[in-house]
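S.K.: Sequence and computational prediction follow.
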Amino acid sequence: MLQPSLEDLWFVPLGGTGEIGMNLNLYGHNGSWLMVDCGVSFDEPLTPPYKQQKADNSLTKGVTHRVVAPDPSFIANQKETLAGIVITHAHEDHVGAIPYLWQRLQKPIYTTPFTAEVLRRKLSRSKLANKIPIIEVDAGSTKQIGPFSVTWLEITHSLPEPFALKISTEAGTVLHTADWKIDANPITGKPFNAKLYKALAEENIMALVGDSTNAPKTGFSISERNCYDGLLSTIKGLRGRVVVGCFGSNVARLISIARVAQKTNRYVGLYGRSLVNMYAIARQQGIWPDDLPIADPSHLGYLPPNEVLAIATGSQGERNTALSRFAKDTHPHLQLDKGDTVLFSSIVIPGNEVSVKKLSDALKAKGVSVIHSEDSPLPIHASGHPCAEELKLMYHWVKPQIAIPVHGEHEHLQAHADIAKTCGVSKHYVGQNGDLYRIAPQPSIRRQVVPVGRVPVQQD
C-alpha cells in the first residue's frame, strides 16, 4: 500500500483527470490522505440486452445512460489513513457521489454552508440522512485536517460559494483551484478578488493543480452579467412562449432569467426537481432576491403565450426531463406550439451531442424555434471555467513551481500545460487518473500507479 512519508507531498487523481466530470482527488502526506471532491458523471449510453433492434436498426426503446462515480477502492481499502473529505462546491461532478461512496469512507466532510445544504438534501433521500458529520467552513477559514492545513479562498464560478483551496503541509503548499473563472460582475457572490491570488506569490506555492476545461479557448470567459444582457436582448423580441434550458445548479443563471422575465412582463416557472430544489436552497440561504417571485408551474399553461417564460431541466437531452417531455407533449403543466422558442443557455457536454440533436429535432418538428448558445449571435450562456488569458493571469499571480492540469480531457490538459510553460513554469505534468504526482521532495510523475475505474451508482 502506498504510504507518503513526512517529506512527501503527493497528488493522486482517481477521477476527473483525462475526462470531464467525476472529480475525486487525493493528497498524500505523512502517512495520511486528504480527499478533495467526490463527484459523479454520465457514462456512455447503455443498450441493455432486452432492448432488441428492429429491421431498420432502430431500438424498440430509448437508450439509457447510467450515472457513475470513481472507483474509491484505493483509499477505501485504507480508510484509516483518510483524514477527511473537502468539497469545493455544489456541482454534481464534485459532490454527487457522496451519498453512494461515503459508507466506504466514513470520514467527516468539510464544506461551506450552501454546499452543505445541497448535500444534506441529497442525503435526506438516503439511509445516510443525519448520519454524516458535515463541518461548515466560512470564506477565508483555515482548518487542520490531519497533517493538512486547508484554507478556503474565495473565487468565482457559476453557482454560490465556490472555493479554491490552499493546502499546506510540512513538505510544501499546493493551490487547488477547483472550478473557477475571473468574473468581475457575478450575479451571486463577490467579484473575483485578484489580491488573494497575488498574495500567494509570497508563499512559495509548490504546485498549482488547476481547472483545464476551457484551456484550448483563447481570450477570457464571458461574465454572468453579459449573459444576462444577451438573454434579455434575445427574449424581449420574442412573442410566443419562451423556454430556457439550463443546468439546474446554476443559481446565477436562474436569477438572471427571473430578472429577464420581470423586465419582459412574463411570469417565470421552474420545471424540473433540481431547479426547484436549488431555488429553495437559494431562498433559504438568503441568496435569492426577494423581489423575484416564481409562479406555480401548473398555472403557466393557462396564460397567453407572450406572458410565459419557463426554465427547464434537460439541456443535455436526458430522458424524462422537462425539455424532453415538452418535445413529446407529455408534460402535465405546459405544452409548446408553433411560434414558441426554446433557448439552450448551456453548452453540449462532450458525449451528449446525439441526445441534444435528437431533442432539438423533436422540438423543431413541432414548429418550435430552437436557439443553441453556440449558434446565438448574443451571449446566452457563460461558462464557469477559465479561458487561456485567465489561466495566464493566475500563473503570473501565483508563480507556482509546478503546473498540474486536471479537470479535462487530454487535449484540455495539454493546452493548460502549454499555457503554464509560456508563463515561465518549468515543470508541468500531464497525466491521467491513477497517476501518482510527486510534488515533493523531487517533482515527478509515475504513470498508473493506482488502480482506477468507475462504479455505477444510479441508472435513469
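M.R.: All right, it came through fine.
S.K.: Near Asn214, how many other residues are there?
M.R.: 23 (other Cβ atoms under 10 Å). To be clear about C-beta, it is placed using only N, CA and C from the backbone, and glycine gets the same treatment.
S.K.: nope, Leu9 is what I meant
M.R.: With neighbours defined by other Cβ under 10 Å, the count for Leu9 comes to 27.
S.K.: show me the contacts for it.
M.R.: Leu9 is in contact with 27-29, 169, 171-172, 174, 206, 438-440, counting by Cβ atoms under 8 Å, 6 or more residues apart in numbering.
S.K.: Output the residues you listed in TSV; the columns should cover neighbour count.
M.R.: Formatted as TSV, the contacts of Leu9 follow (neighbours: other Cβ atoms under 10 Å):
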residue	neighbour count
Tyr27	27
Gly28	27
His29	27
Thr169	24
Ala171	21
Gly172	21
Val174	26
Met206	19
Arg438	18
Ile439	29
Ala440	21
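S.K.: any idea which of these is the one closest to Ala388?
M.R.: Taking Cβ to Cβ as the measure, Ala388 sits nearest to Val174 out of the contacts of Leu9, at 22.3 Å.
S.K.: can you map out the strands along the stretch 201-350 of the chain?
M.R.: 207-211, 242-245, 267-271, 308-312, 341-344 (DSSP state E, counting those that start in this stretch).
S.K.: Dump the last one to PDB, restricted to CA.
M.R.: Read that as strand 341-344. Extracted C-alpha coordinates of strand 341-344, given in PDB (Å, rounded to 0.1, in the frame of the first residue of the first chain):
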ATOM      1  CA  THR A 341     -39.000  29.300 -28.700                       C
ATOM      2  CA  VAL A 342     -36.600  27.100 -26.700                       C
ATOM      3  CA  LEU A 343     -33.200  28.700 -25.800                       C
ATOM      4  CA  PHE A 344     -30.300  26.400 -24.700                       C
END
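S.K.: what comes into contact with that strand?
M.R.: By Cβ under 8 Å, 6+ apart, the residues outside strand 341-344 that reach it are 231, 234-235, 238, 240-246, 315, 323, 326, 336, 356, 363, 368-373, 376, 380-381.
S.K.: can you rerun that using 7 Å?
M.R.: 234, 238, 240, 242-245, 315, 363, 368-373, 380 (Cβ atoms under 7 Å, 6 or more residues apart in numbering).
S.K.: How about stretch 321-334?
M.R.: Applying Cβ under 7 Å, 6+ apart, the external contacts of stretch 321-334 come out as 243, 245, 271-272, 297-298, 300-301, 310, 312-315, 318, 335-336, 359, 362-363.
S.K.: Please apply the same query to stretch 418-437.
M.R.: If you take Cβ under 7 Å, 6+ apart as the criterion, stretch 418-437 is touched by 10-15, 17-18, 215, 388, 391-392, 395-396, 400-405, 413-414, 417, 443, 445-452.
S.K.: just checking, which of those residues belong to helices?
M.R.: Per DSSP state H, helices hold the following members of the contacts of stretch 418-437: 388, 391-392, 395-396, 413-414, 417.
S.K.: Could you identify which of those has the most neighbours?
M.R.: Using other Cβ under 10 Å as the neighbour test, the ones in helices among the contacts of stretch 418-437 are led by Leu391, with 28 neighbours.
S.K.: Compute the number of surrounding residues for the nearest residue to Asn433 once chain neighbours are set aside.
M.R.: Counting by Cβ to Cβ, 6 or more residues apart in numbering, Val452 is the residue found nearest to Asn433 once chain neighbours are left out, at 4.4 Å. Other residues within reach of Val452, judged by other Cβ under 10 Å, total 22.
S.K.: Nearest to the spatial middle of this protein, which residue is it?
M.R.: With distances taken as Cα atoms, centre = their mean, the chain has His91 as the residue nearest its mean C-alpha position (4.1 Å).
S.K.: how close does that residue sit to His385?
M.R.: 11 Å (Cβ to Cβ, to the nearest Å).
S.K.: sorry, back to before: report the buried members of the contacts of stretch 321-334.
M.R.: With burial judged by 16 or more other Cβ atoms under 10 Å, the buried subset of the contacts of stretch 321-334 is 243, 245, 271-272, 297, 300, 310, 312-315, 318, 336, 359, 362-363.
S.K.: and the least confident of these?
M.R.: Across the set of the buried ones among the contacts of stretch 321-334, Glu318 stands lowest in pLDDT, at 90.
S.K.: And Gln289, how close does it get to Ile255?
M.R.: One thing to correct before we go on: residue 289 is Pro, not Gln. 7 Å.
S.K.: out of these two, which sits in the more crowded spot?
M.R.: Ile255 (20 against 15).
S.K.: Now that one: closest residue in space that isn't a chain neighbour?
M.R.: Ile187 (5.2 Å).
S.K.: repeat for Leu6
M.R.: Asn30 (4.8 Å).
S.K.: Quick check: phi and psi at that neighbour.
M.R.: Asn30 adopts backbone torsions of phi 50, psi 50, taken as degrees, to the nearest 10.
S.K.: Tell me the pLDDT of it.
M.R.: Reading off the confidence values, Asn30 has pLDDT 98.
S.K.: Contact partners for it?
M.R.: Contacts for Asn30 (Cβ under 7 Å, 6+ apart) come out as 4-6, 147, 170.
S.K.: Would you list the buried entries among these?
M.R.: Buried members of the contacts of Asn30, counted by 16+ other Cβ under 10 Å: 4, 147.
S.K.: Now pLDDT and secondary structure too, for the contacts of Asn30, in a markdown table please.
M.R.: Formatted as a markdown table, the contacts of Asn30 follow (pLDDT from 0 to 100; DSSP: H, G, I helix; E, B strand; the rest coil):
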| residue | pLDDT | secondary structure |
| --- | --- | --- |
| Pro4 | 97 | coil |
| Ser5 | 97 | coil |
| Leu6 | 97 | coil |
| Pro147 | 98 | coil |
| Glu170 | 98 | coil |
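S.K.: ok, back up a step: ok, so of the contacts of Leu9, who is nearest His157?
M.R.: Closest approach between those and His157, by Cβ to Cβ: Val174, at 19.2 Å.
S.K.: For this protein, which element, helix or strand, carries the lowest mean pLDDT?
M.R.: strand 41-42 (a mean of 77; mean pLDDT, DSSP states H and E).
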